[in-house]
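[1] fold the following, please.
(2 chains)
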Amino acid sequence: MHQDKNEIMQLLKSEDQSEQREGAFLARDMKLVEAVPYLVGLLQSRSIGVQEAADMALRKIGGGPSVSALIPLLASDSPPVRNLSMDILRHIGHQDIDALLRLLKSEDTDLRIFSADILGSTRSYLAVAPLCELLLKDPEVNVRYQAAVSLGDLGRSGATECLKRAFSDEEWVQYAVVEALSKLRDESSVKVLIQALGNSSELVCSMIVDALGEMGDIKSVPMLLKRIEDSPATLRNKIVKAVINILGGKALTFLSNKEKEKLHDYLLAALKDDETDIQDAAILGLGYVGGARASRSILNTAALMDPDYEEDRLQKVHESLVSIGYNQSLVEGLISEDETLASLAIHALGSIGGKEAINDLISSFALKNRDQQREIAHMLHDCAGREARDFFLTTLQQHQDGDVLKYGISFIGVKLRDEESIPVLLRFLEHPWDDVKKTALEAVLSTGGGTVLRHFQDMLSSTDTIKRVMAVYAIGRLGADNSMETLAEALNDEAYEVRKIALEAMGHISPEDKNVLHLVVKGLQDENREVRRSVVDLLDECPYPESHSYLLKALHDPDEWVRVRVVEALGRKKIQDNIPEMLSLWERSSQLVKIKIVEALGIIGGQTAFRSLLDILDDPDQEIQDAAETALDKLQEQNMEQGQE
Amino acid sequence: MNSPFPKNITFKKELKINDQEFKQLRDFIYEKSGIYIGDNRKYLLENRLGNRLKAHNLKSFGEYFYFLRYDAQRNEELTKLFEVITTNETSFFRNPPQIKVFQEQILRDLVKTKKAKGDKRIHVWSAGCSTGEEPYTLSIVLHEAMNYEMSSWKIKISAHDLSNAVLSAAKRGIYSHYALRSTPPEIVKKYFLEESPGMFRVQDKVKELVHFGQINLSDRFQLKKVERSDVIFCRNVIIYFDEDMKKNVINSFYDNLLPGGYMFIGHSESLHNISRAFKPMHYPGSIVYLKEK
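    Sure, this is the predicted structure:
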């Protein structure tokens, strides 16, 4: 919707709030700098709706004029107006840094705090030195505090030295200094924090420990471990968390046995901390220095977690339990009535595997509810071998649940390839549920053999189309000697689904067999377009020149997507002689086919393609022109590359 | 043959969306609907659109992009696409605490205020009405609340959605038992007719209040054409938008609301960082956003 600037200004000057909002939105859409003074005025409107529209507009328009116009509002008596202008300036302040730096010299303490705050959001290195000066020299503690916070927000390493010197300031400033250094994340910041750890108050130490843990520098570990013994319980747990965060679990295995033992106790204690991130660090650490006692403690902690909201934490529990390995605590968890505990134990035992774990899972199966039976079947499917064969065969006879059945079918057929059980598996091809049927199909095909082949050959004469589709697919997958004859017959099936899968099967068995070419091309006359598309896909992959003439014939197919695929195939074959035939389609073609022709010309290349694309540039359709331009660019690039070579 | 099973049996590789195809489709969907599919939802797009590719026997998501842009059936397909990407579980009387607040607090106050002014018109807007469960629920609530006074008021519910397919379903007004799972049995008896076992048709008196129409919430100028409302329901719709679009849409709702009007958004949605213009009103189990006079 086109709007005149004057109309927008009139709307902004209106007394009506709806018109003021409309003016602000239009000024925003046009990025109208002339509107800035009015928009700044509207920020002070009593209507929050009007303020908000002006706010959105000023953020979008931005620039020096907006920054300069907003700065006076920082001195406003109205806190909402001050806050609003601060917020917008945090967003656009970087567009006029000088104006903000001048404000640091203000005699008004609040203005110095505000400008320091905004400078922290600018990401500009120009703000570092002035903020350092403020941190070290400003007489007001709140200004110094804000300067430290903003230096952290800027995240530039040039600030480390002045932050270090600020450790001699009041504790209130030290908090901000620790946070700022942790955001800088460079080596010198770590050094400064480690030095400060030795002579800071307990509260500052606690912050430093958190910061070092997050920064993850291995050099801080010895100092942290040194502090651990003399620290009260809360700080000790934090140190444990920091050490685990820095070292990760694996490195703990390099500690001496004595150190491990000591850490083991600290980790068990940390597991009882109220903070979940400390618990998580303990769970991770115990995974490497664990044992049955650790497994039990971890399971007890996990039992209190919410499976819906703490999925990530439960995953960490799982990893730790697996890392600790098989023990009696897991067996107790497995038979527990607590579902979270039992589920954790099922997954851990399944991932650990081994004879004992598998036996425990099998013997608990009958005692569990449907969901846990699914989990057990899943785990056994993944971890067990032949020792679970009888269990799964019994389950296939007795169970009704689709998921349990699928695990059983897949285990017997895909994993064990158990030929003796083929009759059991074949029964499931008749199952009423498609997903079970599909799993059974995959299972019997993985097993293979004469019985399976004969079964599918018999199935070919079924009156049920689904069975004939399965049979043709199976014969294609099994790829027996005489299967080409069977598939050729299937090309005459009354159901197009069967004809289509027969074509795909032929391509699968013998993609480079010339006889296949002669068998499939009659499919170009098929009444069903999906069958014809499949033929074109086969011709596209066919390496013999004979395929070209069939593709050219298919160019005149009544179905648009058959023609699209033919054009794409001709493009990929890069035969310049095919261009005139392809272009003969042009006048009768839709926009889609034309664009595909243009793209194919770009791929084929050569003089004819180039000249044709130049002609197409005059096409009245803008999208076709654009496609031609892109194709020409591509050709020119290719020519240049070839020239350079 | 009704089973989709044969279509799943194929020698073709499973359809996967590559980065370039995802970017093309994501930008296309954003351009057409304002709905932004974040990178973390790439696989959601792959899963949800997989059936569309199978329906057209397309080989890749790249082909689907061409289909959407150039095929003769592209407009119909666009509707299907919107339907697929905005599919959201809905039902009658969804989130009962919100409906209760609407009926017992908002509507009661609104009627009282309007009566005092001698104004007997109410306009409720269901923006993002999907298959019609929400606007019909609102119509039922209005019938229940106004009772015998209904005929003396001029009440209208405008119900909009991006997808024409869901609007067609909404206009038909026939629902399965599942859509009525949160509806009190006495309400089902009073406002629905069981046409066939498990299938229920909304009664005409419920339908009469509701006026359906297609709208693209990303188009500010389309939204300006909607009659100004006393109450707006836009639940579980803005979740599909990026932050800028959320701000634009919510500001358009603000402009549409009459002073003193109320807006309901999804119970898990919030206006935090989107708009300060509304006054949040806390009711049991629900927050309603007021446009102050």
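[2] secondary structure element holding the residue of the stretch 101-250 of chain B found nearest chain A?
    Nearest residue of the stretch 101-250 of chain B to chain A: B:Phe221, at 5.8 Å (CB to the nearest CB). Quick note: C-beta positions are derived from backbone N, CA and C, even for glycine. Using DSSP states H and E, B:Phe221 sits in helix B:220-223.
[3] buried residues, that helix. List them.
    Within helix B:220-223, the residues that count as buried by 16 or more other CB atoms under 10 Å in any protein chain shown are B:Arg220, B:Leu223.
[4] what are the contacting residues of it?
    Applying CB atoms under 8 Å, 6 or more residues apart in numbering or on different chains, the contact partners of helix B:220-223 are A:Met1, A:Phe25, B:Ile215, B:Asn216, B:Leu217, B:Asn248, B:Val249, B:Ser252, B:Phe253, B:Asp255, B:Asn256.
[5] just put those in a markdown table and tack on secondary structure, neighbour count and distance to A:Leu601.
    Below are the contacts of helix B:220-223 laid out as a markdown table (DSSP: H, G, I helix; E, B strand; the rest coil; neighbours: other CB atoms under 10 Å in any protein chain shown; distance: CB to CB, whole Å):
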| residue | secondary structure | neighbour count | distance to A:Leu601 |
| --- | --- | --- | --- |
| A:Met1 | coil | 7 | 40 |
| A:Phe25 | helix | 22 | 46 |
| B:Ile215 | coil | 20 | 41 |
| B:Asn216 | coil | 17 | 36 |
| B:Leu217 | coil | 25 | 41 |
| B:Asn248 | helix | 21 | 42 |
| B:Val249 | helix | 24 | 43 |
| B:Ser252 | helix | 22 | 46 |
| B:Phe253 | helix | 26 | 49 |
| B:Asp255 | helix | 20 | 50 |
| B:Asn256 | helix | 22 | 51 |
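[6] any idea which of those is least confident?
    On pLDDT alone, A:Met1 ranks lowest of those, at 50.
[7] and B:His282, its phi and psi?
    The phi/psi pair for B:His282 (degrees, to the nearest 10) reads phi -90, psi 120.
[8] for A:Ala440, see how far away whatever residue of the stretch 301-450 of chain A ends up closest to chain B is.
    Proximity to chain B, evaluated over the stretch 301-450 of chain A using CB to the nearest CB, is greatest for A:Asp434 at 4.3 Å. Distance, A:Asp434 to A:Ala440, by CB to CB, to the nearest Å: 11 Å.
[9] need the max-distance pair from the contacts of helix B:220-223.
    A:Met1 and B:Phe253 (19.2 Å; CB to CB).
[10] got a list of what the single nearest residue of the stretch 501-645 of chain A relative to chain B touches?
    Residue nearest to chain B within the stretch 501-645 of chain A: A:Leu592 (3.5 Å; CB to the nearest CB). Residues in contact with A:Leu592 (CB under 8 Å, 6+ apart) are A:Glu560, A:Val564, B:Tyr66, B:Arg69, B:Tyr70, B:Asp71, B:Ala72.
[11] next: A:Lys60.
    By CB under 8 Å, 6+ apart, the neighbours of A:Lys60 are A:Arg28, A:Lys31.
[12] please compute how far the helix or strand containing it lies from its chain's middle.
    Following DSSP H and E, one finds A:Lys60 within helix A:48-61. Averaging C-alpha positions (CA atoms, centre = their mean, to the nearest Å) puts helix A:48-61 34 Å from its chain's average.
[13] can you check stretch A:408-425 too?
    Put simply, stretch A:408-425 sits 36 Å off its chain's centre (CA atoms, centre = their mean).
[14] just the buried positions in it, please.
    A:408-416, A:418, A:421-422, A:424-425.
[15] and if you look at stretch A:377-393?
    Buried residues in stretch A:377-393 (16+ other CB under 10 Å): A:Ala377, A:His378, A:Met379, A:Leu380, A:His381, A:Cys383, A:Ala384, A:Ala388, A:Arg389, A:Phe391, A:Phe392, A:Leu393.
[16] the bottom helix or strand of the chain by mean pLDDT?
    Chain wasn't specified; assuming chain A. helix A:514-520 (a mean of 82; mean pLDDT, DSSP states H and E).
[17] can I get stretch A:169-187 in PDB? Just the C-alpha atoms.
    Below are the C-alpha coordinates for stretch A:169-187, written out as PDB (Å, rounded to 0.1, in the frame of the first residue of the first chain):
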ATOM      1  CA  ASP A 169      37.300  -3.000  44.800                       C
ATOM      2  CA  GLU A 170      34.300  -3.700  47.000                       C
ATOM      3  CA  GLU A 171      32.800  -7.200  47.000                       C
ATOM      4  CA  TRP A 172      29.800  -5.900  45.100                       C
ATOM      5  CA  VAL A 173      32.000  -4.900  42.100                       C
ATOM      6  CA  GLN A 174      34.000  -8.200  42.400                       C
ATOM      7  CA  TYR A 175      30.800 -10.200  41.600                       C
ATOM      8  CA  ALA A 176      30.500  -8.300  38.300                       C
ATOM      9  CA  VAL A 177      34.200  -8.700  37.700                       C
ATOM     10  CA  VAL A 178      34.100 -12.500  38.100                       C
ATOM     11  CA  GLU A 179      31.100 -12.700  35.700                       C
ATOM     12  CA  ALA A 180      32.800 -10.400  33.200                       C
ATOM     13  CA  LEU A 181      36.000 -12.500  33.200                       C
ATOM     14  CA  SER A 182      34.100 -15.700  32.700                       C
ATOM     15  CA  LYS A 183      32.500 -14.200  29.600                       C
ATOM     16  CA  LEU A 184      35.900 -13.200  28.200                       C
ATOM     17  CA  ARG A 185      37.000 -16.800  28.300                       C
ATOM     18  CA  ASP A 186      40.600 -16.300  27.300                       C
ATOM     19  CA  GLU A 187      43.700 -17.700  29.000                       C
END
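[18] secondary structure element for A:Ile8, which one?
    helix A:5-13.
[19] circling back: JSON lines please, covering the contacts of helix B:220-223 and showing distance to B:Leu209.
    Converted to JSON lines, the contacts of helix B:220-223 look like this (distance: CB to CB, whole Å):
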{"residue": "A:Met1", "distance to B:Leu209": "32"}
{"residue": "A:Phe25", "distance to B:Leu209": "32"}
{"residue": "B:Ile215", "distance to B:Leu209": "18"}
{"residue": "B:Asn216", "distance to B:Leu209": "24"}
{"residue": "B:Leu217", "distance to B:Leu209": "22"}
{"residue": "B:Asn248", "distance to B:Leu209": "29"}
{"residue": "B:Val249", "distance to B:Leu209": "24"}
{"residue": "B:Ser252", "distance to B:Leu209": "23"}
{"residue": "B:Phe253", "distance to B:Leu209": "20"}
{"residue": "B:Asp255", "distance to B:Leu209": "24"}
{"residue": "B:Asn256", "distance to B:Leu209": "19"}
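[20] which of those sits closest to A:Ser188?
    Nearest member of the contacts of helix B:220-223 to A:Ser188, counting by CB to CB, is B:Asn248, at 45.3 Å.
[21] and the end-to-end length of stretch B:84-98?
    Terminal residues of stretch B:84-98 lie 27 Å apart, using CA to CA, to the nearest Å.
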